[in-house]
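Colleague: Have a look; sequence and predicted model below, questions after that.
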Amino acid sequence: MPESNEIRELILRIAGIVIEELKLEEITPEKFDPNMDLVDELGVDSMDLATVALVLQDEYGVFIDEDDYPKLKNVRLIAEYLQSRLHGAKG
Amino acid sequence: MQTVSSLLDKEWYERYKAISRLNIRSSIYDVTNQCNLRCKGCFFFSSDEHKAAPEEMAIARWEAFVEREQVRGVNLAILIGGEPTLHLDRVEAFYKRLPTFCATNGLIKVPRDRFPDMMVGISLWGDEADEKLLRGRDAFAVSSRNYAGDPYTYYLYTITPRQIGRTEKAIRRIAEAGFKVHMQLLSNDEGVEGFSWTDSQLADIRAEMDAMLDRYPGAVISCRYYHEIITTGRMLGRPFGWMECPSVTEPMDDRQPQPKRLIRFIRWAADLETMHRCCTSATRDCTTCKDGAAHMSWVMVNKRAHMGSARDLQNWIEVYEMFAKLYRFIPW
């Protein structure tokens, strides 16, 4: 199934937040692999995830439960999670 | 951009993945204000923490409290005191609900029919002479009999400056009795003469700890990077202290900027309401604190800071593995 514009935009924004919050160098949101495992490849821990989640919460008004962190393995999954919560909130 | 797999070879990467999602969420609990020893240098008594709060006596309240801790997300209960084995019903309230580690002086044996696989860490303050001087008796003679052949037990050997050149005697004694051992350094909270560390003593004991690891690899649960961190008090050029410590009770932590820290960590007093500031004495000078778990945690919460090189990340993995072994999240 083709990726929706909404998901593409969310992926770019979340990648930007991850790059900024983790102070990643030599990478842009456009070049960030959304399927890259945040824990196994980027070395992200739950405190890092909490930081990213707080920024997303402020920006999108969506609360990300810490119990859901294990599901949020990469930027694409975070985008899909966020999308479902945004639509759920609207509905 | 540095990634984990770009830094590590296949073997190290597999080791990383074995621990990367453990998400250990520990808290510390004073099970009681009482002890059957009065050791010189014990922070609990020297800083009057045994008077901080009265003990909750009703076991039903302990059980309800542990259930609330479960809901709070704690997945490792570290029981200290006082001497937890003086109140096995309280220990059981934790053990039945959470992965539980019990710190003890080993004078009372934890009955294995009630606690078949609970991790037990027995404190040891040196060889017979030091134990008699600091604790009033050779506790090892009793604890090693009590726990002979017990696979869920290890010794937590607190090394004092007087033991430089003599640690092997204690380590060999433990190894020959068939136990594992983890080493940490005495923080001389009561200022006992001759028990405060100098820089040259710390350098000497670091070399000795490294040598023990090499000579007794089957018994010593440790790694060289931990020895470096705890003896130098520095990690990646940063000094340990209040502004870096990860083991601060979360609701009492108003440090700015907020350092990397243990999430949801609380050290609870035995009334189950009062919180202590941190994992050890609030009167201790943090710049000279030698608490082993705090230094391990300091490394563990700073994972991404260790992604500057393969060696740094391997060091981080070794410290995390050591911690996970001590609390049995992974096998010895």
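Modeller: It's in. Residues are numbered from 1 along each chain as shown, chains lettered A, B, ... in the order given.
Colleague: other SSEs contacting the helix or strand hosting B:Trp12?
Modeller: Of the helices and strands defined by DSSP states H and E, B:Trp12 is found in helix B:10-19. Using 3 or more CB pairs under 8 Å, 6 or more residues apart in numbering or on different chains; DSSP states H and E, the elements in contact with helix B:10-19 are helix B:4-7, helix B:310-326. Yep, even glycine has a C-beta here, placed from its N, CA and C like the rest.
Colleague: Put together TSV for those, with mean pLDDT, mean neighbour count and distance to A:Arg13 on each row.
Modeller: Listed next are the helices and strands packed on helix B:10-19 as TSV, based on pLDDT from 0 to 100; neighbours: other CB atoms under 10 Å in any protein chain shown; distance: least, CB to CB, whole Å:
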stretch	mean pLDDT	mean neighbour count	distance to A:Arg13
helix B:4-7	96	17	24
helix B:310-326	97	20	29
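Colleague: before we move on, back to that, distance between the helix holding B:Trp12 and the chain's centre?
Modeller: 24 Å (CA atoms, centre = their mean, to the nearest Å).
Colleague: Would the helix or strand following it count as contacting chain A?
Modeller: Remark: after helix B:10-19, the chain's next helix or strand is strand B:26-30, criterion DSSP H and E. No: if you take CB under 8 Å from any CB of the partner chain as the test, strand B:26-30 misses chain A, and the best it gets is 13.2 Å.
Colleague: just to revisit the earlier point, would you mind pulling the contact partners of the helix holding B:Trp12?
Modeller: Helix B:10-19 has contacts (CB atoms under 8 Å, 6 or more residues apart in numbering or on different chains) with A:40, B:4-5, B:8, B:310, B:313-314, B:317, B:320-321, B:324, B:329-330.
Colleague: Between which two of those is the distance greatest?
Modeller: B:Ala310 and B:Phe329 (24.0 Å; CB to CB).
Colleague: Okay, B:Asp271 and B:Leu88: tell me how far apart.
Modeller: As judged by CB to CB, to the nearest Å, B:Asp271 and B:Leu88 stand 19 Å apart.
Colleague: now the host helix or strand of B:Ser297 and strand B:26-30, what's the angle there?
Modeller: Per DSSP H and E, B:Ser297 falls inside helix B:292-300. Orientation check (axes from the mean of the first three to the mean of the last three CA atoms, to 10 degrees): helix B:292-300 against strand B:26-30 gives 160 degrees.
Colleague: for helix B:292-300, what is the average pLDDT?
Modeller: Averaging pLDDT along helix B:292-300 gives 96.
Colleague: can you map out the helices along chain A?
Modeller: For chain A, the helices defined by DSSP state H occupy A:5-21, A:46-60, A:75-90.
Colleague: what do you get for chain B?
Modeller: Counting by DSSP H, the helices of chain B are B:4-7, B:10-19, B:43-46, B:59-71, B:88-95, B:128-135, B:139-146, B:167-176, B:199-215, B:224-232, B:292-300, B:310-326.
Colleague: Chain A contacts on the stretch 1-150 of chain B?
Modeller: B:Met1, B:Thr3, B:Val4, B:Ser5, B:Tyr16, B:Lys17, B:Ser20, B:Arg21, B:Asn23, B:Gly73.
Colleague: whoops, the stretch 201-332 of chain B was the one
Modeller: So far as CB under 8 Å from any CB goes, the stretch 201-332 of chain B lies against chain A at B:Lys260, B:Arg261, B:Ile263, B:Val301, B:Lys303, B:Arg304, B:Met307, B:Leu313.
Colleague: Stretch B:99-111: which residues count as buried?
Modeller: B:Pro99, B:Thr100, B:Phe101, B:Cys102, B:Ala103, B:Thr104, B:Asn105, B:Gly106, B:Leu107, B:Ile108, B:Lys109, B:Val110 (16 or more other CB atoms under 10 Å in any protein chain shown).
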